[in-house]
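# Okay, predicted coordinates and the sequence, questions at the end:
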Amino acid sequence: MKKRQSGVLMHISSLPGQYGIGSFGQSAYDFVDFLVRTKQRYWQILPLGTTSYGDSPYQSFSAFAGNTHFIDFDLLIEQGLLTEADLKGVDFGQDPTQVDYAKVFEQRRPLLEKAVANFLKSSDQKEFQEFCEANASWLELFAEYMAIKEHFDLKAWTEWPDAAIRAREPKALAKYREELADKLTYHRVTQFFFFQQWLALKAYANDHHIEIVGDMPIYVAEDSSDMWANPHLFKTDENGKATCIAGCPPDEFSATGQLWGNPIYDWEAMDKDGYQWWIERLRESFKIYDIVRIDHFRGFESYWEIPAGSETAAPGKWVKGPGYKLFAAVKEELGDLNIIAEDLGFMTDEVIELRERTGFPGMKILQFAFNPDDESIDSPHLAPNNSVMYTGTHDNNTVLGWYRNEIDDPTREYLARYTNRKEYESVPHAMLRTVFASVSFMAIATMQDLLELDGSARMNFPSTLGGNWSWRMTADQLTPAVEQELLDFTTIYRRENKEDRKSTRLNSSH
């Protein structure tokens with residue numbers, strides 16, 4: 001039996017703050033202190049990668065680089081790289097409850113360029129040089145990709161007009177490295193800022209016995225440095241374009257399935273070099289996370305392969321993945337890893353067998369548990385100890401939005417009976433109480449449900465582009481009553497983190 005613990009799902013972008021999007025600054029440290037006071041063990045976040053058109057953290061320009069939107073300007077001011085005057089009057093968006101990605105994209109870049117220029121004038125570059133050397137395997141590739149992408153008006157590499165650089169021919173690479181040297185430097189330095197700030201925050205969390213649960217998308221974007229540099233590791237044509245793409249089949253949630261658009265791995269090619277790309281990806285991930293949740297775990301057993309150019313996911317077919325062979329190679333190289341398998345979707349005996357063989361805990365979603373006519377595998381009374389229980393994921397509605405708009409009266413009645421919900425008790429409270437009472441060793445409270453927010457605070461509508469990933473918490477929403485409620489759930493159901501604590505950080509210096 002694993003020791004009972006709990007935590008909160010809250011992405012960095014959703015933290016409060018004055019610069020349009022959550023960051024690694026004071027509010028992040030305050031959030032760690034909130035987790036400490038409520039005796040949590042885990043802070044779960046969404047992927048930290050760069051985001052592209054559509055703003056999804058699951059579609060990134062690199063499987064390794066960080067999202068520079070999360071670099072905190074106040075910390076750059078403390079370092080003398082920006083001044084308060086630089087930020088005066090800048091419009092990052094007017095609504096503190098929403099990220100305005102267009103404004104964040106437009107307004108942050110000139111400020112980061114100014115910070116980079118000031119940094120390059122400073123005399124002590126030793127830590128930066130060490131960072132560049134230690135991360136050269138992915139950093140140089142990412143800097144090249146972004147510099148050339150910007151040179152070609154942000155087009156994806158498959159649309160670059162220069163065929164030689166699409167193919168990464170040595171002469172073309174040398175030419176662009178020389179022509180775009182300043183842009184390459186900008187991307188190296190901003191990645192240095194990102195990891196410097198993130199690792200300081202993570203160290204603060206770890207010092208206070210809070211572990212970071214990171215999130216790894218199974219797939220990468222076609223518009224990425226990873227595919228540009230490694231087209232041979234994907235199912236592509238002679239021009240490097242994807243011949244098939246990822247998604248999931250039609251089901252009760254979608255009559256045409258979900259068309260994700262990510263390129264599909266050529267698992268035979270990956271097998272030939274012992275899955276080195278995956279080993280490197282996981283090695284780097286465990287430098288920045290304590291636990292990694294791998295999204296769409298069932299795709300390692302079988303995945304839904306859709307011909308490129310399809311308008312829906314319906315024409316796809318199931319194709320076998322690498323299975324346990326991948327995880328055996330990872331284990332041999334990296335040892336046992338703390339991984340959570342996102343094993344949702346169309347489950348089969350083969351997927352369950354793969355998860356059991358790895359020993360990774362799977363996920364249980366309480367919103368899926370209340371079928372009045374049939375027993376659900378997500379029912380808390382069926383959950384094994386080696387599982388993680390949630391009210392919902394980033395792809396679900398909030399509990400309140402779901403209860404009001406997505407279920408019928410028989411389901412509501414069954415929910416009330418199952419959770420023994422009292423007339424005076426809110427639905428989010430009853431659902432979170434049930435999650436924390438479950439047998440699952442890890443219980444995760446979604447922040448929106450702790451705050452009892454409706455569907456307007458939903459993070460993502462799957463298979464829709466635009467209007468997603470924008471919810472933000474305001475500082476005044478985290479009231480003493482919310483804090484007490486989480487503490488009560490945690491202590492009543494014996495999930496409190498009892499590690500020795502250092503005093504929490506109450507001021508702005510760190």
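In hand now; what should we look at? Residues are numbered from 1 along each chain as shown.
# hey, let's count contacts and neighbours off CA atoms from now on
Fine.
# tell me how far the helix or strand bottoming out on mean pLDDT in the chain is from the chain's mean position?
The helix or strand of the chain with the poorest confidence is strand 258-263; it has a mean of 90 (mean pLDDT, DSSP states H and E). Offset of strand 258-263 from its chain centre (CA atoms, centre = their mean, to the nearest Å): 17 Å.
# hmm, who's touching the following helix or strand past it?
Using DSSP states H and E, the helix or strand that follows strand 258-263 in sequence is helix 267-272. Applying CA atoms under 8 Å, 6 or more residues apart in numbering, the contact partners of helix 267-272 are 232-234, 276-277, 321-322, 326.
# Name the residues of helix 267-272 that are buried.
Buried residues in helix 267-272, defined by neighbour count with 16 or more other CA atoms under 10 Å: 267, 270.
# Quick one: mark the members of the contacts of helix 267-272 that sit in helices.
Residues of those located in helices (DSSP state H): 276-277, 326.
# circling back to that earlier point, generate a PyMOL selection restricted to the buried entries among the contacts of helix 267-272.
Buried residues among these (16+ other CA under 10 Å), as a PyMOL selection:
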select buried, resi 233+234+276+321+322+326
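# mind putting the contacts of helix 267-272 in TSV, distance to residue 293 included?
Below are the contacts of helix 267-272 laid out as TSV (distance: CA to CA, whole Å):
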residue	distance to residue 293
232	26
233	23
234	23
276	20
277	18
321	19
322	18
326	16
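# for the contacts of helix 267-272, which one is nearest residue 50?
Lowest distance from residue 50 to the contacts of helix 267-272 (CA to CA) belongs to residue 277, with 19.0 Å.
# List the contacts of the closest one.
residue 270.
# Distance of it relative to residue 475?
According to CA to CA, to the nearest Å, residue 277 stands 40 Å off from residue 475.
# Packing partners of the least confident helix or strand of the chain?
strand 244-248 (3 or more CA pairs under 8 Å, 6 or more residues apart in numbering; DSSP states H and E).
# What are the contacting residues of the strand it packs on?
Contacts for strand 244-248 (CA under 8 Å, 6+ apart): 235-236, 257-264, 303-308, 313.
# Let's see that with 7 Å instead.
Contact with strand 244-248 is made by 235, 257-264, 304-308, 313, as judged by CA atoms under 7 Å, 6 or more residues apart in numbering.
# Show me which pair in these is furthest apart.
Greatest spatial distance in those: 235 and 257, 21.1 Å, computed using CA to CA.
# Now do the same for residue 510: its pLDDT.
What the model reports as pLDDT for residue 510 is 36.
# With residue 240 instead?
Looking at residue 240, its pLDDT reads 84.
# again with residue 145
pLDDT at residue 145 comes out at 98.
# That one - nearest residue in space that isn't next to it in sequence?
residue 225 (5.6 Å; CA to CA, 6 or more residues apart in numbering).
# hang on, that neighbour packs against residue 61?
Yes: the criterion here is CA atoms under 7 Å, and residue 225 meets it with residue 61 at 6.0 Å.
# what's next to stretch 302-321, contact-wise?
With contact meaning CA under 7 Å, 6+ apart, stretch 302-321 is reached by 242-250, 256-259, 267, 299-301.
# Revised request: answer the last question for stretch 126-139.
Residues outside stretch 126-139 that contact it (CA under 7 Å, 6+ apart) are 64, 188, 192.
# For burial, what's the neighbour tally of the first one?
Residues contacting residue 64 under the criterion other CA atoms under 10 Å number 22.
# distance of it from residue 233?
16 Å.
# same thing with the second one?
When CA to CA is applied, the distance between residue 188 and residue 233 equals 25 Å.
# now swap in residue 428 and tell me
In this view, residue 428 and residue 233 are 44 Å apart by CA to CA.
# ditto for residue 91
Taking CA to CA as the criterion, residue 91 is separated from residue 233 by 42 Å.
# for residue 87, same thing?
Counting by CA to CA, the gap from residue 87 to residue 233 is 44 Å.
# Then residue 281?
From residue 281 to residue 233 the distance is 14 Å (CA to CA).
# Let me see the ranges of the helices in the stretch 51-200 of the chain.
73-78, 84-87, 101-121, 126-134, 136-151, 163-166, 170-179, 181-207 (DSSP state H, counting those that start in this stretch).
# Give the buried residues for the first one.
Yep, that's helix 73-78 we're talking about. 73-76.
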